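Participant: I need the structure of the sequence given here:
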Amino acid sequence: RVLIAQERKRKAVHLLVQDVRTAYWRVVASQSLGNNVRNAIKDAEAALQDASKAEKEALRNPIEPLRFQRQLLENIRLLAAVEQELSTANTELASLTSLPLGQKITVAAPAIEMQQAWLKMPIAQLEEQALMRNADLSEGFYNSRIAREETRRVLLKLFPGISFNFGPKHSDDDYLINQSWREAGLQLSFKLLGLLSAPAQLNLAEAGVALADQKRLVAQMAVLTQLHVARLQYTNNMRQFERADSITGVEQRLATHVANQVDAEKQTKLDRVSQQTSLILGHLRRFQALSNTQA
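Facilitator: From the prediction side, this is the model:
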């Protein structure tokens, strides 16, 4: 049972590390996108005020300013959702690392490298590692050992009880030839009820062993399933990250061209806000794909 407690502790540490890594990459995304999101919201709100003013002055067809406002409000909604999602990253990481919740955490983002070496390992080798290192499986093995020890305990209870006593005796009776002597005794006892219930107890103990073995087999299948699913998920998330990275590069170049055309008054503020929103969403999807891959 001590070994089971150690395995549970190891599993808890593993889950904690996984949660910290996920929260860490969310903080990286918050640091990278926070200022851009706030600036984009300010630009959208300024353009919305201009559109409202144009609608009140009735200088153009009233439908056009309303469509303009609808698109701006949709962009503001998307940006606000991004800001809300990123706002809790700092608190989550502070909670996991036992830092003050109100303290601003600044992290250093490492170079992004997708590890593909383990995907080239034979699947049989990965399965062997999973079966050897999984904490739940180790706990199942220990539970099987406990069940077998319980069977031995039932068998030991069936043995007769033996007690031996030895000690000096003394009496003041004058009619005795010897007032002092030594006495020894051997007592053998059986529990009749225990003998009668022995078959049922043995069957129950053997059923406990069989149940523990079945649970261990089920856990083994679950671990192997998790391994194959995780391998596929990692491959898919890695491809999603590569696509998101390419899309973000295209969005960045588009944003540069749109900003130049807005300065030259060839594009409207709505175009710039829409492109900024698309660029921010592209960065967010890129960080989400990266976080999922790391997890």
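Participant: okay, CA-based contacts and neighbour counts for the rest of this
Facilitator: Fine.
Participant: do you know how far Leu226 is from Ala47?
Facilitator: Not quite, residue 226 is Gln, not Leu. According to C-alpha to C-alpha, to the nearest Å, Gln226 and Ala47 sit 50 Å apart.
Participant: who's more crowded, these two?
Facilitator: Shown here are Gln226 and Ala47; by other C-alpha atoms under 10 Å, Ala47 has more neighbours (20 against 13).
Participant: Nearest spatial neighbour of that one, chain-adjacent residues omitted?
Facilitator: Leaving aside its sequence neighbours, Ala47 sits nearest to Lys269 (C-alpha to C-alpha, 6 or more residues apart in numbering; 6.3 Å).
Participant: can you count the residues close to that neighbour?
Facilitator: Lys269 is flanked by 21 other residues according to other C-alpha under 10 Å.
Participant: Kindly report the same for Asp173.
Facilitator: Around Asp173 there are 9 residues (other C-alpha under 10 Å).
Participant: Could you list the low-pLDDT ranges of the stretch 51-200 of the chain?
Facilitator: By pLDDT under 70, the weakly predicted segments of the stretch 51-200 of the chain are 58-62, 190-197.
Participant: Run a quick neighbour tally on Phe287.
Facilitator: 21.
Participant: With Thr106 instead?
Facilitator: 12.
Participant: next one: Ser52
Facilitator: 16.
Participant: Over to Ala51?
Facilitator: 20.
Participant: Chain neighbours aside, what residue packs nearest to it?
Facilitator: Of all residues not flanking Ala51 in the chain, Pro65 sits nearest, at 5.6 Å (C-alpha to C-alpha, 6+ apart).
Participant: Which element is encountered next along the chain beyond the helix or strand hosting the one you found?
Facilitator: According to DSSP states H and E, Pro65 maps onto helix 63-87. Next along the chain after helix 63-87, taking DSSP H and E as the criterion, comes helix 89-96.
Participant: Now do the contacts for the residue nearest to Ala51.
Facilitator: Ala51, Ser52, Ala54, Glu55 (C-alpha atoms under 8 Å, 6 or more residues apart in numbering).
Participant: that older thread, and the residue nearest to Ala47, how far from Arg152?
Facilitator: Distance from Lys269 to Arg152, by C-alpha to C-alpha: 81 Å.
Participant: and if you look at Arg216?
Facilitator: Distance from Arg216 to Arg152, by C-alpha to C-alpha: 20 Å.
Participant: All the strands of the stretch 101-250 of the chain, residue numbers only.
Facilitator: Using DSSP state E, counting those that start in this stretch, the strands assigned to the stretch 101-250 of the chain run over residues 161-170, 180-189.
Participant: For the first one, which strands pair with it and how are they oriented?
Facilitator: In this case it means strand 161-170. strand 180-189 (antiparallel) (DSSP bridges).
Participant: What lies in contact with stretch 254-268?
Facilitator: Residues from elsewhere that reach stretch 254-268 (C-alpha under 8 Å, 6+ apart): Lys269, Asp271, Arg272, Gln275, Gln276, Leu279.
Participant: Mind checking which of those residues are buried?
Facilitator: Buried members of these, scored by 16 or more other C-alpha atoms under 10 Å, are Lys269, Asp271, Arg272, Gln275, Gln276, Leu279.
Participant: how about CSV for those residues, with secondary structure, distance to Gln261 and pLDDT added?
Facilitator: Output for the buried ones among the contacts of stretch 254-268, formatted as CSV (DSSP: H, G, I helix; E, B strand; the rest coil; distance: C-alpha to C-alpha, whole Å; pLDDT from 0 to 100):
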residue, secondary structure, distance to Gln261, pLDDT
Lys269, helix, 10, 70
Asp271, helix, 10, 76
Arg272, helix, 9, 76
Gln275, helix, 12, 79
Gln276, helix, 14, 81
Leu279, helix, 17, 83
